[in-house]
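Undergrad: pasted the sequence and its predicted model underneath.
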Amino acid sequence: MHTKVCLSGDSAGATLSLSLLLKLASASTSSSTSSATNPAPSLPLPAFTTLISPWTTLVSSLHVATSSDYLSPTTLHLYGRQYIGEVTTSGESRSPPHGPADSVASPGTCRDVALWAGAWPQKGWHVVFGAEEVLGDDARELVNWLRGDVAQHIRKERREEKVQSRGAGKRKGNVVVTEQEKQVHAWPVVQLFLGTVEEERLGGLRRIVDVMVDAMAGSRGGGRRNVSVDMTPPSSPARRKGT
C-alpha cells in the first residue's frame, strides 16, 4: 500500500518516530504470519522519515558531553529512566515495565535486522544532527547500522525477489545525512530562535523540506546541497572527546 505520509520528529520526538516504525514493522510481520481466517491488522509505513537529533538509545555510553551543547548526558539518562518507569520523578527506583534495553522504548537497542528492514520507509530516511551535540555519536551509530547491516539485508531481499519474480525487486530509498558543523542538539529548531538573519533562522528547515520533496519526487540527489546518500557500509565513526 502506497502512502504520501512523511514522518518527522526531533530529539525525543525522533525516538517516538523510530518506535512507531518498529511497531508498524512488527505488526506487518504478525499480519503476514497470522491465520487467513483471523488476519492481524496492518498499517502502511510512512513514505519518508526525517529524524532531527534522534535520541536513538535512551541510556548509552555514546552520549558524551561537549563544550558546545546544552544537553547533559546525566540529565538525559535520568529523563530516559523516568520515561521507561525505572525511576520516579522524585528519583526513587522501582521495577520498570520496560527496561533500558527495550527495543520499543529505546529503538537503538534493537538489533533485529529484519525488523529494521521492514521498518524502512519506501522513500528513505533523512538524519539531521549537529556535529557538536551530545547525541552525535548515537546518530552516527544509527546511520552506520542502517547503511550497513540493514541495507545489506535489504539488498539480499531484493536479489531474492528478483530471482523469484524475475523482476527488479522493490527499491528502497536512501539514508540522507545532514551533519552540520559547529551545531548543537536540534539545531534547525534552535536556529529559529537564535538566528540573526533569515538564512540562519530558516536554513535548516529549508534543507529538511528540500530533501523531503526530492525524496517524494523520486530524486536520488538528496536535496540541493551536498550530502551523503549512499547505502554502502561506512567506516566506524570517530569518537569525539568529552569535555
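TA: Thanks, I have it. Numbers count the residues shown, from 1 in each chain.
Undergrad: which residues of the chain fall in strands?
TA: 6-10, 48-52, 125-130, 175-180 (DSSP state E).
Undergrad: which positions in the third one come out as buried?
TA: By 16 or more other C-beta atoms under 10 Å, the buried positions in strand 125-130 come out as 125, 126, 127, 128, 129, 130. In this view, the C-beta of every residue, glycine as well, is placed from N, C-alpha and C.
Undergrad: helices and strands around the lowest-mean-pLDDT helix or strand in the chain, which ones?
TA: Ranked by mean pLDDT, DSSP states H and E, the helix or strand of the chain with the weakest confidence is helix 151-165, at a mean of 84. Judged by 3 or more C-beta pairs under 8 Å, 6 or more residues apart in numbering; DSSP states H and E, helix 151-165 is in contact with helix 113-118.
Undergrad: show me what counts as buried in stretch 203-214.
TA: Of all the residues in stretch 203-214, those buried under the rule 16+ other C-beta under 10 Å are 203, 204, 206, 207, 208, 210, 211, 212, 214.
Undergrad: could I get the strands of the chain as JSON lines with distance to residue 64 and mean pLDDT?
TA: Below are those laid out as JSON lines (distance: least, C-beta to C-beta, whole Å; pLDDT from 0 to 100):
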{"stretch": "strand 6-10", "distance to residue 64": "20", "mean pLDDT": "97"}
{"stretch": "strand 48-52", "distance to residue 64": "19", "mean pLDDT": "98"}
{"stretch": "strand 125-130", "distance to residue 64": "13", "mean pLDDT": "98"}
{"stretch": "strand 175-180", "distance to residue 64": "15", "mean pLDDT": "98"}
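Undergrad: ok, which of these comes nearest residue 68?
TA: Nearest to residue 68 among these is strand 125-130 (8.1 Å), distances taken as C-beta to C-beta.
Undergrad: closest to residue 159 among the buried residues of stretch 203-214?
TA: residue 214 (26.8 Å).
Undergrad: contacting residues for residue 20?
TA: Residue 20 makes contact with residue 7, according to C-beta atoms under 8 Å, 6 or more residues apart in numbering.
Undergrad: for residue 162, see how far away it is.
TA: Noted for residue 20: a distance of 30 Å to residue 162, by C-beta to C-beta, to the nearest Å.
Undergrad: equivalent analysis for residue 116, please.
TA: According to C-beta to C-beta, residue 116 and residue 162 sit 21 Å apart.
Undergrad: more neighbours: these two, which one.
TA: For residue 116 versus residue 162, the count of surrounding residues by other C-beta atoms under 10 Å is larger for residue 116: 24 against 13.
Undergrad: ok, and the closest non-adjacent residue to that one?
TA: In space, and not counting its chain neighbours, residue 116 is closest to residue 150: 4.5 Å by C-beta to C-beta, 6 or more residues apart in numbering.
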